[in-house]
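*Asks:* quick one, structure for this:
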Amino acid sequence: MKMQPHILSVILLAPLLLMQGCAPVAVTGATTAVSTVVADRRTTGTIIEDEAIENKFRLALWDRKELRKRVHVNVTSYNTWVLVTGEAPAEEDRQAVIDLVKNVEKVTRVFDEITIAAPSSLLSRSADGVVTAKIKTKLIAEQDLSTLHIKVVTENGVTFLMGLVSEEEGAIATEIARRTGGVQKVVKLFEYRESLRKRSEEEQDEDVNTGAQDE
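*Replies:* Numbering: from 1, shown residues only. Model prediction:
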């Protein structure tokens, strides 16, 4: 029986975790990692790439000290689609941030949701965090959904939903977000599995046809 690559990757990682200290804790951590990776619809490589994209952007922004002082931005990568939220005081600052994101390797699509405004207050950011937490709690309670498939980001009362979902799952998640207190607007940035499947089938058909022509 052929083992799935993402399962094999985590199994190979488990012995390393066991070497880091207390064995029971390491085993628990490895088990959790296996469960999380297996349940995630992204490949193991894509999960790692999403983390790398976010970290590379943070490092790039850190090197731009003056820009970093002027803006407040958050970058969220899911399946190499990148959402950029926050505030920038001027258009040139907004564009500078977006350029940094676009220069990060492996980014396939960028959603620019930066508002031209002064950086939001800590109180506002805290309120956004509460809203995001409430939505995630409701998603967890929904039997037909998994928070591993949906990323929730809230900025100034606007909630963004990302993820690899079916159209039905997307509709359920959107309705849950809309009915959550504190949400002013919901923006859907989903990749629908039906569309991905259809695109994959079309690409396979194209490959077959191309092969037939070559012969």
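*Asks:* and the helix or strand E51 falls within, what does it pack against?
*Replies:* Assigned by DSSP states H and E, E51 belongs to helix 44-62. Applying 3 or more C-beta pairs under 8 Å, 6 or more residues apart in numbering; DSSP states H and E, one finds that helix 44-62 contacts helix 5-18, helix 65-70, strand 72-78, helix 91-102. Bear in mind the C-beta positions are built from the backbone N, C-alpha and C, glycine included.
*Asks:* in that helix, what's buried?
*Replies:* 44, 46-47, 49-50, 53-54, 56-57, 60-61 (16 or more other C-beta atoms under 10 Å).
*Asks:* bridged to the nearest residue to V73 once chain neighbours are set aside, which residues?
*Replies:* Of all residues beyond its chain neighbours, the one nearest V73 is G86 (3.5 Å), with distances taken as C-beta to C-beta, 6 or more residues apart in numbering. Note on G86: beta-bridge partners V73, I114, judged by DSSP bridges.
*Asks:* my guess is G86 meets T76, correct?
*Replies:* No. With contacts counted by C-beta atoms under 8 Å, G86 stays clear of T76, the gap being 10.8 Å.
*Asks:* and V187, how many neighbours?
*Replies:* By other C-beta atoms under 10 Å, the residues close to V187 number 17.
*Asks:* oh, that last question was meant for R94, not what I typed.
*Replies:* 20.
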